[in-house]
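[1] Starting from these lines, generate the structure:
(one chain, ligands or ions: 3)
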Amino acid sequence: MRVRDQIYVLHGARRAALYDDNSKVCSALDDAQVRILCALAEGRRPRAKDLSLETGQFWKAVADMNQRGWLEAGRPVPRSLLPPVAAANGEFVLPDRFKHVWLELTDSCNLTCMHCYAESGPQRSRAGELSIEQWTGVVDKFLDWGVEQFTFIGGEPTIRMDVIEAVAAHIRSRSQDVTICIFSNLVSVPTLPRVVPKLKQWNIQIGTSLYGASGKEHDTTTGKIGSWVKTVANVRLLLDEGIRVFAGIYTDLSDGADDKKTRLEAWARELGLKHFDVVASSQVGRGTELCWAESNDLNSLPGPMSYGFARWDRAGTYHNCFHDHLAIGARGEVMSCIMQRETDIGDVTEMSVEDIISTSSFKQKAYLGKDNIETCSQCEFRYACFDCRPSAIGPDGHAHAKPDCGYDPLRDLGEALQ
Ligand SMILES: C[S@@+](CC[C@H](N)C(=O)[O-])C[C@H]1O[C@@H](n2cnc3c(N)ncnc32)[C@H](O)[C@@H]1O
Ligand code: SF4
Ligand code: SF4
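    Ligands and ions are numbered 1, 2, ... in the order given. I've put the predicted structure just below:
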């Protein structure tokens, strides 16, 4: 038997993980599996006694790897198991296209959610918001450069429905391929039925936000009684119209996370949602004081990770989002992400895309790849693991902080994490 071609093994400080480049899934390996894979990759026939393994342990590991499609019939062939990580040579490679550009049309909002990273609400000033013409100029710059997705967001972007309608029509006049999304709390009931035909015509997706399976839970977070009823009714309306809806379901997962997640997932499916994620909010903006993240007491391995989202040959050097995502604020200020809100990169109304990505502040964040993150740089999962930097940084503001992921590659499994 030999190791299949698309299989790679990455060693961490104490353990190793396998990257299956066919399915783009990364999985933890146990010690027996590592020894067998390494022997095969050195061109040796692995035998239990040569690898200091018990016979039962050896065959169990082989059977498991065979079943997962990591091995194939044939003589062992010498080959490198190292993942093909591109060397950056210290040179910054400018992104030739953007995966995602967020357009924050306004800071204002009809709700005052307690966790809101953008600190939005009705009290926020609307002075200086970009006009339709200015937003059209902004999307033109990114369309000329190359962009895969625009998302209209805020605050509550439907407050600027005039901008959404004009700019979405403009984007479609230039490209049918760019994904367009509106991220809205969907509380604004009267306008939605009027807008639905345009959403269909321009193939626009909707993102929305839910905070529980009942009005009591949801409205406590949004600060508005009756908001759950309206949002849920509009989710149903959009799904009935065949529009793709994604829902972020935010909740306090610090206690009994598994039960709560399962209950909310079942409710979301019942509602008809196919695309949703049950997550805790991040400690950003008004969410800074909330500790909703699942607490991890003992060191445990993460489950299989899909890494289809990433250029894994760049994961060590470049941040998975900051190198080809941007957020544009209501007045044209450029931010790395909707949750990484420093505005030191510049102003999109005055700069070209090339100017923006050439700034030292853009590059500094773009370079926050896994090899630059504390402890993650020694983790075997580092080229597959998605890094949400604003969540990891938290209230401490330490740019290179390790996320509280429940795994520490430097410690024994089962060891206390706190
Ligand atoms: C800021 S809102 C803007 C769009 C719209 N007003 C809405 O609520 O859907 C975008 C999304 O970010 C989520 N969000 C707000 N604060 C957050 C935080 N601290 N951590 C994670 N997500 C957050 C909201 O729940 C919402 O799903
Ligand atoms: S999360 Fe959305 S709906 Fe809630 S206050 Fe923030 S912008 Fe408004
Ligand atoms: S967050 Fe860091 S330590 Fe945790 S699994 Fe990902 S790369 Fe490893």
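[2] Could you point out which residue ranges in the chain have low pLDDT?
    Scanning the chain for pLDDT under 70 picks out the ranges 85-91, 189-190.
[3] let's see it at 80
    Applying pLDDT under 80 to the chain flags residues 84-94, 189-191, 256-258, 309-313, 394-397, 418.
[4] Tell me where it has helices.
    In the chain, the helices defined using DSSP state H lie at 31-41, 55-67, 132-145, 161-174, 192-201, 215-222, 227-240, 257-271, 353-358, 360-366, 389-393.
[5] any chance of those in a markdown table, with mean neighbour count too?
    All C-beta atoms are positioned from the backbone trio N, CA, C, and that covers glycine. Shown next, in a markdown table, are these (neighbours: other CB atoms under 10 Å):
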| stretch | mean neighbour count |
| --- | --- |
| helix 31-41 | 20 |
| helix 55-67 | 15 |
| helix 132-145 | 17 |
| helix 161-174 | 17 |
| helix 192-201 | 14 |
| helix 215-222 | 18 |
| helix 227-240 | 18 |
| helix 257-271 | 14 |
| helix 353-358 | 16 |
| helix 360-366 | 17 |
| helix 389-393 | 20 |
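[6] Among those helices, which comes closest to ligand 3?
    Closest to ligand 3 of the helices of the chain is helix 389-393 (CB to the nearest ligand atom; 7.6 Å).
[7] right, is that closest one up against ligand 1?
    No. When contact is scored as CB under 6 Å from any ligand atom, no part of helix 389-393 falls within range of ligand 1; the minimum is 7.5 Å.
[8] now the closest residue to residue 167 other than its chain neighbours: how far from residue 141?
    Nearest non-adjacent residue to residue 167, counting by CB to CB, 6 or more residues apart in numbering: residue 135, 5.0 Å away. Distance, residue 135 to residue 141, by CB to CB, to the nearest Å: 11 Å.
[9] quick one on the thing from earlier: JSON lines please, covering the helices of the chain and showing distance to residue 414.
    Listed next are these as JSON lines, based on distance: least, CB to CB, whole Å:
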{"stretch": "helix 31-41", "distance to residue 414": "15"}
{"stretch": "helix 55-67", "distance to residue 414": "19"}
{"stretch": "helix 132-145", "distance to residue 414": "48"}
{"stretch": "helix 161-174", "distance to residue 414": "51"}
{"stretch": "helix 192-201", "distance to residue 414": "50"}
{"stretch": "helix 215-222", "distance to residue 414": "34"}
{"stretch": "helix 227-240", "distance to residue 414": "41"}
{"stretch": "helix 257-271", "distance to residue 414": "19"}
{"stretch": "helix 353-358", "distance to residue 414": "44"}
{"stretch": "helix 360-366", "distance to residue 414": "35"}
{"stretch": "helix 389-393", "distance to residue 414": "24"}
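[10] Specify the stretch among these that is closest to ligand 2.
    Of the helices of the chain, nearest to ligand 2 by CB to the nearest ligand atom is helix 215-222, at 6.0 Å.
[11] what does that closest one contact?
    111-115, 185, 210-212, 225-229, 231, 250-251 (CB atoms under 8 Å, 6 or more residues apart in numbering).
[12] Show the contacting residues for residue 29.
    9, 15, 16, 17, 18, 37.
[13] The last one and residue 229, how far apart?
    This means residue 37. 55 Å.
[14] go on, the fifth one?
    Look at residue 18 and residue 229: by CB to CB, they are 48 Å apart.
[15] how near is the nearest residue to residue 121 once chain neighbours are set aside to residue 217?
    Nearest residue to residue 121, sequence neighbours excluded (CB to CB, 6+ apart): residue 112, at 4.2 Å. Counting by CB to CB, the gap from residue 112 to residue 217 is 16 Å.
[16] Ok, residue 105 next?
    Distance from residue 105 to residue 217, by CB to CB: 28 Å.
[17] And for residue 80?
    52 Å.
[18] Please apply the same query to residue 372.
    Using CB to CB, residue 372 is found at 39 Å from residue 217.
[19] pretty sure residue 213 is touching residue 264, no?
    Yes. Using CB atoms under 8 Å, residue 213 is in contact with residue 264, at 6.2 Å.
[20] Please name the residues that touch residue 175.
    residue 143.
[21] Write down the beta-bridge partners of residue 20, one by one.
    residue 7, residue 25 (DSSP bridges).
[22] count of neighbours near it?
    18 (other CB atoms under 10 Å).
[23] sorry, back to before: figure out which of the helices of the chain is closest to residue 405.
    For the helices of the chain, the distance to residue 405 is smallest for helix 389-393, at 8.6 Å, taking CB to CB.
[24] Keeping just the C-alphas, turn the closest one into CSV.
    The C-alpha trace of helix 389-393 is given here as CSV (Å, rounded to 0.1, in the frame of the first residue of the first chain):
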residue,chain,number,x,y,z
ARG,A,389,-9.0,38.0,14.0
PRO,A,390,-11.4,40.5,15.6
SER,A,391,-12.9,37.7,17.8
ALA,A,392,-9.4,36.5,18.7
ILE,A,393,-8.1,40.0,19.6
